[in-house]
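A.B. asks: Build me a model:
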Amino acid sequence: MAAAAPGRAMAAAARCRGPPAPRAPPPPPPLVVILGATGTGKTALAAQLGRRLGGEIVSADSMQVYKGLDIITNKASPREQRLCRHHMISFVDPLVSNYTVVDFRDRAVPLIDEIFARDKIPIVVGGTNYYIEALLWKVLVDTTVPRRVSAVTPGRLAPPEKDGPVPIPVPIPGPAADRKAELERMDGVELHRRLSRVDPEMAARLHPHDKRKVARSLQVFEETGIPHSELLHRQQQEEGGGPLGGPLKYPQSCILWLHAEQAALDQRLEKRVDDMLAAGLLEELRDFHRRYNREKVAENRQDYQHGIFQSIGFKEFHEYLVSEGTCSPETSALLLQKGIQALKQVTKRYARRQNKWVRNRFLRRPGPNVPPVYGLEVSDLLRWEEDVLKPALEIVESFIQGREPPAEPVRMEYDVNENKRSHRVCELCDRIIIGDREWAAHTRSKSHLHHLKKRRRLESAGRAAETEGDSGGAETSGEDSGLSVP
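C.D. replies: Presented below is the predicted three-dimensional model:
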């Protein structure tokens, strides 16, 4: 009996304390986003994480949505696709040229929600910057029918007369994407002039040579009757918005950035082009050219600015493809080498642009609507397990479990006084430069320094010529005056 007393006492104490506190609900699963320049191993890491964590891959690459050109667009290999389920790859006909980022978002966002609903982790693998932005933030302006355009000429924004009224928007139906393509075919200076009349703020943000963005802003005004800049301001003022756009769609976002030393990445990209050739790149290009592009070239209507035809690598081999079989073997070999070298160069430039976007969009933009970015060094592929896979797993698992990640996010210093919209004209280079940082970079560039050196050389030669002329003039005047020279 005495032995039972402690048990009764403990039970009584438990009744006094009441029922146990309910467990805290588990944290929502994260949206994992893998960023990085081409050639850093994003696809491989995504497949490894997907297999180990029960995730599914969502490709955010604007060229991989199209069927065909699997090698040149670096689609996941069959082996990688067997490791875990992949989405948003090879589902658009290659002849479709008006597939837009809005189309991508409208398909990818419900897909991500459906993956979450199945208790899986979506892993977005990024290659196209604006596709990733469209998934993470509310940054796109929806322009749906009925369209709102000029009442002066149905379906078009008529150029206003000087000092005349802004055209009145009226609704009519029509394919929006086709209208943007039609605008892009117009003269860039004229496009920018039109935008300046209807949306001077947006015109001040955009470079006159950036026809795509200028055309898009004009399209937005035509179809909504509201300046593009005003619609963007409304997004920024929404709860959770900021200077870069509307609120984050997925506050629980885990961003992994794969980066490498530039020399190591350049070497890897050159080797990757060689590997593509060994994997059958030329056969892929010939087949695609024969099936989809040869007739367009013959009719002089090929378009390397839209759809899959703008893939890096396809247009670089244009001369080789169109002349193969009609020129000497020596000429064909030279054109082939020219295409290979062009592909290597343009790939390296593209990698630099991708890293620049990560730095500008994520690392130099602190704020509540910019998620932290965790950097992973991929310069040495022999250390992939230690430097990349293991820390990536630890970071993602910490998000899943609702605890602090073991690594610190990447941070970069930024200038709060920097003006991203400043306009400067470099008369030496005949260029318009937008943004303080871009201006600083331009003044240090090789082309600018070359023009500066050339101008100084000309100015120096001009001063020397003036000095000689003044000296010769003095002698002549002495002779003309009749004065004797001792």
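
A.B. asks: Mark out where each domain of this protein begins and ends.
C.D. replies: 31-138+246-401, 147-234, 418-456 (automatic domain parsing).

A.B. asks: out of these, which comes closest to residue 466?
C.D. replies: With Cβ to Cβ as the measure, domain 418-456 is the member of the domains of the chain nearest residue 466 (15.6 Å). Yep, even glycine has a C-beta here, placed from its N, CA and C like the rest.

A.B. asks: average pLDDT for the closest one?
C.D. replies: Mean per-residue pLDDT for domain 418-456: 74.

A.B. asks: Reformat the domains of the chain as a markdown table; add distance to residue 467 and mean neighbour count.
C.D. replies: Conversion of these to a markdown table gives the following (distance: least, Cβ to Cβ, whole Å; neighbours: other Cβ atoms under 10 Å):
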| stretch | distance to residue 467 | mean neighbour count |
| --- | --- | --- |
| domain 31-138+246-401 | 45 | 18 |
| domain 147-234 | 41 | 17 |
| domain 418-456 | 17 | 13 |
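
A.B. asks: Kindly report which one of those carries the lowest mean pLDDT.
C.D. replies: domain 147-234 (a mean of 70).

A.B. asks: What's the end-to-end length of stretch 292-305?
C.D. replies: This stretch, stretch 292-305, spans 15 Å end to end (Cα to Cα, to the nearest Å).

A.B. asks: What are the boundaries of the strands in the stretch 151-300 of the chain?
C.D. replies: 169-172, 253-259 (DSSP state E, counting those that start in this stretch).

A.B. asks: which residues in the stretch 351-486 of the chain form helices?
C.D. replies: 384, 390-401, 436-443, 446-480 (DSSP state H, counting those that start in this stretch).

A.B. asks: Output the ones you listed as a markdown table; include the columns distance to residue 369.
C.D. replies: Putting the helices of the stretch 351-486 of the chain into a markdown table (distance: least, Cβ to Cβ, whole Å) gives the following:
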| stretch | distance to residue 369 |
| --- | --- |
| helix 384 | 32 |
| helix 390-401 | 18 |
| helix 436-443 | 21 |
| helix 446-480 | 35 |
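
A.B. asks: Looking at these, spot the one closest to residue 336.
C.D. replies: Comparing those against residue 336 with Cβ to Cβ, the closest turns out to be helix 446-480 (28.9 Å).

A.B. asks: hang on, the earlier thing: now the domains of the chain as TSV including distance to residue 410?
C.D. replies: Formatted as TSV, the domains of the chain follow (distance: least, Cβ to Cβ, whole Å):
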stretch	distance to residue 410
domain 31-138+246-401	4
domain 147-234	27
domain 418-456	18
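
A.B. asks: Can you say which of these is nearest to residue 23?
C.D. replies: Of those, the one closest to residue 23 (Cβ to Cβ) turns out to be domain 31-138+246-401, at 13.7 Å.

A.B. asks: quick check, distance from the closest one to the centre of its chain.
C.D. replies: Averaging C-alpha positions (Cα atoms, centre = their mean, to the nearest Å) puts domain 31-138+246-401 11 Å from its chain's average.

A.B. asks: Stretch 189-208 now?
C.D. replies: The answer for stretch 189-208 is 22 Å, by Cα atoms, centre = their mean.

A.B. asks: first to last residue in that stretch, what's the distance?
C.D. replies: OK, stretch 189-208 end separation, Cα to Cα: 6 Å.

A.B. asks: likewise stretch 133-140?
C.D. replies: Termini of stretch 133-140 sit 9 Å apart (Cα to Cα).

A.B. asks: Stretch 296-309 too?
C.D. replies: Termini of stretch 296-309 sit 11 Å apart (Cα to Cα).

A.B. asks: Repeat that for stretch 226-246.
C.D. replies: 18 Å.

A.B. asks: what's in contact with that stretch?
C.D. replies: Residues outside stretch 226-246 that contact it (Cβ atoms under 8 Å, 6 or more residues apart in numbering): 133, 137-139, 141, 198-199, 201-202, 205, 216-217, 220-221, 224, 247-248, 361, 365, 367-370.

A.B. asks: if we can go back for a sec, tell me which of the helices of the stretch 351-486 of the chain approaches residue 55 most closely.
C.D. replies: The closest of these to residue 55 is helix 390-401. By Cβ to Cβ, the value is 8.5 Å.

A.B. asks: relative to strand 253-259, how tilted is that closest one?
C.D. replies: Angle of helix 390-401 versus strand 253-259, following axes from the mean of the first three to the mean of the last three Cα atoms, to 10 degrees, is 170 degrees.

A.B. asks: packing partners for helix 390-401?
C.D. replies: helix 42-53, strand 253-259, strand 373-377 (3 or more Cβ pairs under 8 Å, 6 or more residues apart in numbering; DSSP states H and E).

A.B. asks: Compute the inter-axis angle for the longest one and strand 253-259.
C.D. replies: Read that as helix 42-53. 140 degrees.

A.B. asks: Name the next helix or strand downstream of helix 42-53, please.
C.D. replies: Proceeding N to C from helix 42-53, the next assigned helix or strand is strand 55-60, under DSSP states H and E.
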